[in-house]
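> Quick check, what structure comes out for this input:
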Amino acid sequence: MDDLWERSICFYNIELQEIREIFKEYDRNFEILDFTPINIGCRNSNYKVDTNKGSFLLRICPINDTKYKKEQKISELFSEVLNVPKLLFVSGNNSKKRVCLIYDYIYGISLQSLVLKAGKFGERIINQVAKSAAFIHSYDFEKSEEFNDNYPPFLTWYELFLNNEWASARLGSDIKNRVKQLILDKQNELKLIDEYNSFIHADFRPANMIIDKDNDIWVVDWEFAGFGHSLADIGQFFRYSNCFEKSQILKFREVYNSFAKKSLPSNWYELSKLRDLVNPLQMLGGEEELPEKYKDLKKLVIETLNYFGY
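Alright, predicted model coming up:
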C-alpha cells in the first residue's frame with residue numbers, strides 16, 4: 001500500500017526555537033511543551049505540538065508552495081458542515097521563510113493505519129465516507145482564484161501519460177500495450193467519466209481520513225482540491241480493492257446516492273477503476289527514483305488490467 005511510498009519532498013526537521021517563533025506569532029502566550037513528527041504523507045511535514053493551551057497540528061509546507069490557500073478556503077467553508085480540521089493560523093514570517101499552518105489537533109488514527117491493523121473497514125466507516133463524498137461532490141462551489149481547474153477531455157489523458165519515457169520504461173512494453181488495448185475497448189465507458197464533474201477532494205484516500213475517539217471520520221489534506229471527476233475521488237478510495245467486501249461496495253453506492261445531487265450510474269465501480277488508472281500511470285512518470293512507490297504503482301496498474309480481464 002501507499003504507506004510504503006518514499007517521500008517526494010524530504011521531511012523538514014524543525015527546531016524548537018522555530019516552533020516557538022511560529023506559535024508566538026499566533027499567540028504570544030503559548031508555551032511549547034513538546035513536539036512529535038507525524039510520519040505520514042509525501043509532501044508536507046507535519047508535527048503534533050503540545051502546548052500549555054492544548055495540542056495542535058503544525059503543517060510545514062514546501063518552499064514556494066501555494067496549495068495552502070486551498071486549505072484556507074476549505075476551512076472557511078466546510079468547518080461547520082463537514083468534519084474537517086479547523087485551520088487556526090497561517091504563518092509566513094518564521095525564520096526559514098516557509099508557510100506554516102496551525103490546525104486543531106484531531107485525536108485518532110488514519111483509516112490507512114486502521115485497515116493495516118484490521119485488514120477491513122467496518123460498515124459505519126463506509127457509510128460516513130460515502131456521505132462525506134456525496135456532500136463534497138454536491139457542494140455548490142464557485143470557481144475562484146484557488147479553485148479554477150480546467151482539464152482536457154478525459155480520453156486524452158491516458159496517451160499523454162503512457163508516452164512519458166519514464167512511465168514507459170517502468171511499465172514495459174507488454175503492460176503498456178495491455179493498457180492501450182483496455183483504453184481502446186472501453187471508449188464508450190471512458191466518455192461517461194466526463195459527465196460526472198463536480199468539486200472534488202482529489203486525494204480522497206484512507207491516508208487522508210482520520211477516525212476519532214467517537215468513531216467519526218474527518219477528511220484532511222485538501223491541498224489538491226478543485227473541480228474534476230467525482231469518480232476520481234471514489235476510485236482513489238477503493239484503489240486497494242482487497243480492503244473491501246462486495247457488500248461494502250454496494251453499500252457505498254446506496255448511501256452516496258441517498259445524499260448526492262447526482263446519483264452514481266450502475267457501472268460506477270468499473271468507471272471509478274478506469275478513472276483511477278490514470279493516477280499510477282501519471283505518477284510512474286516521475287524522474288526521481290522511488291523504487292517502493294513505483295513497484296506499488298506498477299502493481300496497481302496490473303491489478304486493474306486483471307480486474308478487466310486484460
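> Could you pull out the buried residues of stretch 110-129?
Going by neighbour count (16 or more other CB atoms under 10 Å), the buried part of stretch 110-129 is Ser110, Leu111, Gln112, Ser113, Leu114, Val115, Phe121, Ile125, Ile126, Asn127, Gln128, Val129. C-beta here means a position set from N, CA and C on the backbone, and glycine is covered the same way.
> buried residues in stretch 22-31?
So for stretch 22-31, counting by 16+ other CB under 10 Å, buried means Ile22, Phe23, Glu25, Phe30.
> element containing the third one, please.
The reference is to Glu25. Here Glu25 is covered by helix 16-26, with elements defined by DSSP states H and E.
> Tell me which other helices or strands that helix touches.
If contacts are counted by 3 or more CB pairs under 8 Å, 6 or more residues apart in numbering; DSSP states H and E, helix 16-26 sits against strand 32-38, strand 45-51, strand 87-91, strand 100-104.
> The last one pairs with which strands, parallel or anti?
So that's strand 100-104. Taking DSSP bridges as the criterion, strand 100-104 pairs within the sheet with strand 54-60 (antiparallel), strand 87-91 (antiparallel).
> out of those, deepest packed?
Between the strands paired with strand 100-104, the one whose residues have the most neighbours on average, counting mean count of other CB atoms under 10 Å, is strand 54-60 (a mean of 20).
> Can I get it in CSV? Just the C-alpha atoms.
Output of strand 54-60 as CSV, limited to C-alpha atoms (Å, rounded to 0.1, in the frame of the first residue of the first chain):
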residue,chain,number,x,y,z
GLY,A,54,-3.6,22.0,24.3
SER,A,55,-2.4,20.1,21.3
PHE,A,56,-2.2,21.4,17.7
LEU,A,57,-1.2,20.1,14.3
LEU,A,58,1.6,22.1,12.8
ARG,A,59,2.0,21.7,9.0
ILE,A,60,5.1,23.0,7.2
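> now the strands: where do they sit in the chain?
Secondary structure of the chain (DSSP state E): strands at 32-38, 45-51, 54-60, 87-91, 100-104, 108-110, 197-200, 209-212, 217-219, 226-229.
> Could you tell me the angle between the fourth one and helix 16-26?
The directions of strand 87-91 and helix 16-26 differ by 110 degrees, with axes from the mean of the first three to the mean of the last three CA atoms, to 10 degrees as the criterion.
> just so I have it, where are all the helices in this protein?
According to DSSP state H, the chain carries its helices in the segments 16-26, 68-78, 111-118, 123-138, 157-162, 165-171, 173-185, 187-193, 230-237, 246-259, 268-283, 291-307.
> Switch those helices over to JSON lines; also include mean pLDDT.
JSON lines is the format used below for the helices of the chain (pLDDT from 0 to 100):
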{"stretch": "helix 16-26", "mean pLDDT": "93"}
{"stretch": "helix 68-78", "mean pLDDT": "90"}
{"stretch": "helix 111-118", "mean pLDDT": "89"}
{"stretch": "helix 123-138", "mean pLDDT": "96"}
{"stretch": "helix 157-162", "mean pLDDT": "93"}
{"stretch": "helix 165-171", "mean pLDDT": "96"}
{"stretch": "helix 173-185", "mean pLDDT": "97"}
{"stretch": "helix 187-193", "mean pLDDT": "94"}
{"stretch": "helix 230-237", "mean pLDDT": "98"}
{"stretch": "helix 246-259", "mean pLDDT": "96"}
{"stretch": "helix 268-283", "mean pLDDT": "97"}
{"stretch": "helix 291-307", "mean pLDDT": "97"}
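> Burial-wise, tell me which of the ones you listed comes out on top.
With neighbours taken as mean count of other CB under 10 Å, the helices of the chain reach their highest mean count in helix 230-237, at a mean of 26.
> And that one, what does it pack against?
For helix 230-237, the helices and strands in contact under the criterion 3+ CB pairs under 8 Å, 6+ apart are helix 123-138, strand 197-200, helix 268-283.
> Which of the ones you listed sits closest to Glu292?
With CB to CB as the measure, helix 268-283 is the member of those nearest Glu292 (12.5 Å).
> Reformat the strands of the chain as a markdown table; add distance to Cys10 and mean pLDDT.
Putting these into a markdown table (distance: least, CB to CB, whole Å; pLDDT from 0 to 100) gives the following:
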| stretch | distance to Cys10 | mean pLDDT |
| --- | --- | --- |
| strand 32-38 | 12 | 96 |
| strand 45-51 | 8 | 96 |
| strand 54-60 | 11 | 96 |
| strand 87-91 | 21 | 93 |
| strand 100-104 | 16 | 95 |
| strand 108-110 | 21 | 93 |
| strand 197-200 | 28 | 94 |
| strand 209-212 | 24 | 96 |
| strand 217-219 | 26 | 97 |
| strand 226-229 | 26 | 93 |
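> quick one, which of those strands is nearest to Asn306?
Minimum separation from Asn306 across these (CB to CB) falls at strand 226-229, 23.0 Å.
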